[in-house]
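Colleague: here is a sequence with its predicted model. Questions after.
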Amino acid sequence: MYELFDHTADLGLRIRAENLDALFAEAAVALSEALLEDPRAIEPSTEERFALEAERLDDLLHDWLAELLYAFGARHMLFGRFDARVRPPRFEAVALGERFDARRHRVKTEIKAVTYHALRVERAADGWLAEVVLDI
């Protein structure tokens, strides 16, 4: 489960999940939701693999979302389905999506960057919680 929240001139993502794998996958879905008017329009026709390493969970989450944002900005790739595996300090994921098509994909929010401001990943009573602020 995730929700979007306003943060001054930025946009925040608050993500909750029962485990780390689900948390990172749900965070990617939340990013797609923030970026597009209808992320369900993304066809899962292309598979890409991601692998990252970082000492801290919050750095792993930041770098994961930054990779997805880079894929959109530099290569015009959108992803809507994610299978994530978090085994600190390593993170691996498979993302399914397609190239941006202006006829079917409408950008909702121009996201400049994933920030470190108020970034957190922590255990919660019902699993895991993450908060990420996006520079818009």
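Modeller: Here it is on my side, so go on. A quick note: this is a predicted structure, and the numbers were derived from the prediction, not measured.

Colleague: for burial, what's the neighbour tally of the residue nearest to Glu18 when sequence neighbours are not counted?
Modeller: Closest residue to Glu18 in three dimensions, ignoring its sequence neighbours and counting by C-beta to C-beta, 6 or more residues apart in numbering: Gly127, at 4.0 Å. Any C-beta I mention is one placed from the backbone N, CA and C, and that applies to glycine too. Counted with other C-beta atoms under 10 Å, residues neighbouring Gly127 total 14.

Colleague: what's the answer for the one 4 residues further on, then?
Modeller: As a burial measure, Glu131 scores 19 neighbours (other C-beta under 10 Å).

Colleague: now for the helix or strand that contains it, which elements pack on it?
Modeller: Assigned by DSSP states H and E, Glu131 falls within strand 127-135. Using 3 or more C-beta pairs under 8 Å, 6 or more residues apart in numbering; DSSP states H and E, the elements in contact with strand 127-135 are strand 10-17, helix 20-35, helix 57-75, strand 113-114, strand 120-124.

Colleague: packing partners of the helix or strand containing Leu78?
Modeller: Element membership of Leu78 [criterion: DSSP H and E] is strand 77-87. With contacts taken as 3+ C-beta pairs under 8 Å, 6+ apart, strand 77-87 sits against helix 20-35, strand 46-53, helix 57-75, strand 90-99.
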